[in-house]
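> turn this into a structure:
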Amino acid sequence: MFKWLRKLGGDDADGDAEAAADAVHAVEPGPGFFVPGHADRAAAAEAVDAIAERLGRVLKGAVSEQRYAGLVYDHDGTRYRSDVGEIDPRTGETVVCILHQDEREQYLICTPKRGADAGLPLLVSDTEVEKAVVFRDS
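So this is what the prediction gives:
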């Protein structure tokens, strides 16, 4: 359940071998939690929770409670970086949130037209990810 914490080095020494085996990519802490267009943290959290709930139903799999600030990944031979609040290089839209489905081993990059307000998010497999940045206080 807390594999991301072990990847940050928060587990005890006995878990190092397991963490190394589980580590598909680097995970590091990032900025404080925010969502573009929401000045209030509670409203931002509520908006992301609603997106996660809807996508969990549509994609038929639970969405993790961990929220991500950024993702560096390789897709079809091209390296991309998606950051919440910035323009996504693949869609040309602002990234609203980045979520994860543990069971499906995939990240969900949500923009207004791709996952946040409508449609399906960009799906990025764990195996494509070089680095994930978690919000330090989400």
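
> dump stretch 127-138 to PDB, restricted to CA.
In PDB, the C-alpha atoms belonging to stretch 127-138 read as follows (Å, rounded to 0.1, in the frame of the first residue of the first chain):
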ATOM      1  CA  THR A 127       7.000   1.000 -16.900                       C
ATOM      2  CA  GLU A 128       7.200   4.200 -19.000                       C
ATOM      3  CA  VAL A 129       7.800   6.500 -16.000                       C
ATOM      4  CA  GLU A 130      11.300   7.700 -15.200                       C
ATOM      5  CA  LYS A 131      10.300   9.800 -12.200                       C
ATOM      6  CA  ALA A 132       7.100  10.700 -10.300                       C
ATOM      7  CA  VAL A 133       6.900  13.800  -8.100                       C
ATOM      8  CA  VAL A 134       4.400  13.600  -5.200                       C
ATOM      9  CA  PHE A 135       2.900  16.600  -3.500                       C
ATOM     10  CA  ARG A 136       4.600  16.800  -0.100                       C
ATOM     11  CA  ASP A 137       1.400  17.400   1.800                       C
ATOM     12  CA  SER A 138      -1.400  15.700  -0.100                       C
END
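
> of all the residues in that stretch, which ones are buried?
By neighbour count with 16 or more other C-beta atoms under 10 Å, stretch 127-138 contains the buried residues 128-129, 132-135, 138. Placement of C-beta: from N, CA and C, glycine included.

> least trustworthy helix or strand in this protein by mean pLDDT?
In the chain, the helix or strand scored least confidently by mean pLDDT, DSSP states H and E is helix 16-22, which has a mean of 39.

> what's the separation between residue 24 and residue 87?
26 Å (C-beta to C-beta, to the nearest Å).

> neighbour-wise, which of the two wins?
residue 24 (16 against 13; other C-beta atoms under 10 Å).

> cool, thanks, signing off.
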